[in-house]
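> Provided below are the primary sequence and the corresponding predicted coordinates.
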Amino acid sequence: MAVSGNPTVRRRRLGAELRRLRLARGLTSTQVAEHLLISQPKISHMENGRRAISPRDVRDLCGLYHVTDQQVIDSLMQMATESNRQGWWVACGEVPYAVYIGLETAAASLRSYEPLVIPGLLQTPAYARAVIEETIPQATAEQIAVRHDVRLRRQSRAHHPARPFRLWVVLDEAALRRVVGSPEIMREQLEYLNHLGAQPHITVQVLPYDVGAHPGVSGQFSILQFPDTTAGTVYLERFTSDLYLEKRSDVRHYSVMYDHLQAQALNPEHTRHFIARAADELPAAASLPGRP
């Protein structure tokens, strides 16, 4: 039952193990909730890793599921204790995608498709601030500052020289053509993107417009893989409620989609030339519509 020391991953793995034990006993989450005199949503949230699981919860559930192996019980209770530790991002303030940050921090690799913007791990500080300011209506200055700080701190996971993880990114051409912030900010971002794409652990590919329809037309998705398991997690970013898919069939489906996207995209060398041309073709600030 080896699992990452990351608290988010531990909580989700613990929830999955408790779900497996429940199903092995042939019990529904409603039956478990009625037996323990708690709400059914609490059981669901625990099994989905969205609620803290205390050692007492584990003890009660193990008793109900007739788990008698003390080593298994002790291991699950230890996971519960460690899953309640806080990650670095908690101290930053309110972060709506804290679950994802925990998974990203523990991941061994990340495959991401982005149709509209440069991914957060590859953004310059100026581009990141412009994206946050322009895409979150009515955000306060404090909320913008927190998100910006967290985004930049996340990048250390991709750029750490001693333990970088493997990062693949497929970008739609629209992400390169959309001028975020200003032409100067966008030019800096594209040059930085090419710099990162030359790193041995980062691969960037572009899907040109002339590819036409492709498996990514339904929107952004990312696939995270972890060092201690063959199972992965698909992350679908939404404005108010993100989705996390962990069924093997779902992960396999999105993996096939990603393989097709990579096959249709320009190879890394041609991508670098494409990005360089896009940077050269950026307009001067004064020539943009609506600018004096």
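Great, that's in hand.

> from here on, just use CA atoms for contacts and neighbour counts.
Will do.

> in a strand, Trp168, correct?
Yes. Under DSSP: H, G, I helix; E, B strand; the rest coil, Trp168 falls within a strand.

> so what's it bridging to?
As for beta bridges, Trp168 partners with Arg111, Thr203 under DSSP bridges.

> gap between it and Asp242?
As judged by C-alpha to C-alpha, to the nearest Å, Trp168 and Asp242 stand 21 Å apart.

> of the two, who's got more company?
Trp168 (19 against 13; other C-alpha atoms under 10 Å).

> I figured the more buried one hits Thr203, correct?
Yes. At 4.8 Å, Trp168 and Thr203 qualify as touching, with contact defined as C-alpha atoms under 8 Å.

> just the helices in this structure please.
7-24, 29-36, 40-47, 55-64, 70-83, 98-106, 125-135, 141-154, 156-159, 173-177, 183-197, 248-264, 268-280 (DSSP state H).

> how far does the fourth one sit from its chain's centre?
So the one you mean is helix 55-64. 30 Å (C-alpha atoms, centre = their mean, to the nearest Å).

> quick check: buried residues in it?
55, 57-59, 61-62, 64 (16 or more other C-alpha atoms under 10 Å).

> could you dump these into a markdown table with pLDDT and distance to Glu134 added?
Listed next are the buried residues of helix 55-64 as a markdown table, based on pLDDT from 0 to 100; distance: C-alpha to C-alpha, whole Å:
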| residue | pLDDT | distance to Glu134 |
| --- | --- | --- |
| Pro55 | 87 | 43 |
| Asp57 | 89 | 43 |
| Val58 | 89 | 44 |
| Arg59 | 90 | 48 |
| Leu61 | 92 | 46 |
| Cys62 | 92 | 48 |
| Leu64 | 92 | 50 |
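
> for Tyr192, state which of those is nearest.
Proximity of the buried residues of helix 55-64 to Tyr192 (C-alpha to C-alpha) peaks at Pro55, which lies at 46.3 Å.

> got the contact list for the closest one?
76-78, 80-81 (C-alpha atoms under 8 Å, 6 or more residues apart in numbering).

> I'd like those residues laid out as CSV, including neighbour count, distance to Phe221 and pLDDT.
Shown next, in CSV, are those (neighbours: other C-alpha atoms under 10 Å; distance: C-alpha to C-alpha, whole Å; pLDDT from 0 to 100):
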residue, neighbour count, distance to Phe221, pLDDT
Leu76, 23, 31, 86
Met77, 21, 33, 85
Gln78, 16, 32, 81
Ala80, 23, 29, 81
Thr81, 18, 31, 78
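
> roughly how far does Gln262 sit from Gln225?
Counting by C-alpha to C-alpha, the gap from Gln262 to Gln225 is 17 Å.

> ok, for the spatially most central residue of the chain, nearest residue in space, not its chain neighbours?
In the chain, the residue lying closest to the centroid (C-alpha atoms, centre = their mean) is Tyr100, at 4.6 Å. Excluding its sequence neighbours, the residue lying closest to Tyr100 (C-alpha to C-alpha, 6 or more residues apart in numbering) is Tyr235, at 7.7 Å.

> what pairs with the one you found across the strands?
Bridge pairing for Tyr235 - DSSP bridges - gives Ser222, Tyr244.

> run a quick neighbour tally on it.
20.

> what's the pLDDT at it?
Listed pLDDT for Tyr235 reads 90.
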